[in-house]
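Everything below, folded, please.
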Amino acid sequence: MNKFFKTVRRIVVFPFALVFNLSALPFRLAARANRFLNTDPEEHPLMDTFNALAAEPQARQGLLDHIEDLRKHLLRIVVYLVITVGISFYFTIPLMGYLSQPVGGLEELQAIEVTEEIGVYMRVALTSGITLALPLIAFEIWLFAAPGLKSRERKFGLFGIPLATLLFLGGMAFTFYALLPTALPFLGGFTNISQFWTAKEYFSFTTGLMLWIGLFFEFPVIVYTLTAIGLVKPAMLAQQWRLAIVVIAILAAAVTPTVDPVTMGLVMLPMTLLYFTSIGLSYIAYAGRRRNESAAESAAPK
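Residues are numbered from 1 along each chain as shown. Alright, predicted model coming up:
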């Protein structure tokens, strides 16, 4: 009989418990996120970590757990890409038409190979899918690294995800609206040779350049974050600017599909400006880090 009344009680109470748990869920998640963001991990010197891996089975098991966590994050990233690329299929053809506007539309391009059209379609869909999935990919990377970061570093990394997304989109927009309108007329009018561009070459040139420039636009937020967590110092960046210009020139030559100096110069210009902008942001992050360290030392018991 008692079992019957307990069953009836559970049935009656279940709707109220469900409503209560659903109502409390956002607050529990917020409290859990707050604890996660404001809890510092235990610090272990690097040599002690290596010694523990060699001598302690528990430390080796911890390393295997981290590898398993990495596998799970990578698997979720692949799932995100599959979903976003699948979503991109619905607007890939209009997007191809928009991207081909600098040359007069899709009608001005040609397909020579049998599989060229489907290859171009998949390339544009993949590029669009990567762009859509970028915030989720960045969040998964942050989520994997966050347990080993201090609370301040976790917050910097989390708040940097929206900014990194905007910078990536800004780099792609700069490529399409500023770089391509200048580079394409020069490349197409350098001689009197008739131009019959294939869809494969055009979209490889356009999407590849947009992705690379978008990634280069991430440099300021990366430098700011690395300076804020103490891995980079602004003085080093300022002193090595000549070497940085050489590296930028090499990267510009590597990502530019053509050999003309005009396109390479147009790629180098924003990269150089971004580098010097990164130096300024690095000084700002370094000053904030010094203030926090001074405040921590003053608050520490003597």
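
How many residues are close by residue 138?
Residue 138: 20 surrounding residues under other CB atoms under 10 Å. Heads up, the C-betas are built off the backbone N, CA and C, glycines and all.

the domain parsing of the chain - what is it?
According to automatic domain parsing, the chain comprises the domains 55-148, 149-186+201-296.

These into JSON lines, with extra columns for distance to residue 23 and mean pLDDT?
Conversion of these to JSON lines gives the following (distance: least, CB to CB, whole Å; pLDDT from 0 to 100):
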{"stretch": "domain 55-148", "distance to residue 23": "26", "mean pLDDT": "85"}
{"stretch": "domain 149-186+201-296", "distance to residue 23": "26", "mean pLDDT": "80"}
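
in the one helix or strand residue 174 maps to, what's buried?
Using DSSP states H and E, residue 174 sits in helix 151-174. When burial is assessed from 16 or more other CB atoms under 10 Å, helix 151-174 yields the following buried residues: 152-154, 156-158, 160-161, 164-165, 167-168, 171-172, 174.

from those residues, which single one is nearest residue 93?
Residue 93 has its nearest neighbour among these in residue 172, at 19.1 Å by CB to CB.

pretty sure the closest one is touching residue 213, no?
Yes - Residue 172 is in contact with residue 213 according to CB atoms under 8 Å; the separation is 6.9 Å.

Mind giving me the packing neighbours of the next helix or strand after the helix holding residue 174?
Moving toward the C-terminus from helix 151-174, the next helix or strand (DSSP H and E) is helix 180-188. Under the contact criterion of 3 or more CB pairs under 8 Å, 6 or more residues apart in numbering; DSSP states H and E, helix 180-188 touches helix 261-299.

does residue 123 sit in a helix, a strand or a coil?
Here residue 123 is recorded as helix under DSSP: H, G, I helix; E, B strand; the rest coil.

Can you report how many residues lie near it?
The burial count for residue 123: 19, using other CB under 10 Å.

Please apply the same query to the one 3 residues further on.
Here the neighbour count serves as a burial measure; for residue 126 (other CB under 10 Å) it reads 17.

Which helix or strand contains residue 230?
Residue 230 belongs to no helix or strand, assigned by DSSP H and E.

hmm, back to that, can you lay out the domains of the chain as JSON lines showing distance to residue 193?
Shown next, in JSON lines, are these (distance: least, CB to CB, whole Å):
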{"stretch": "domain 55-148", "distance to residue 193": "15"}
{"stretch": "domain 149-186+201-296", "distance to residue 193": "14"}
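
Need the winner for burial among these.
domain 149-186+201-296 (a mean of 17; mean count of other CB atoms under 10 Å).

From the chain's centroid, how far away is it?
12 Å (CA atoms, centre = their mean, to the nearest Å).

could we number from 368 for the rest of this?
With the count now opening at 368, the last piece we talked about shows up as domain 516-553+568-663.
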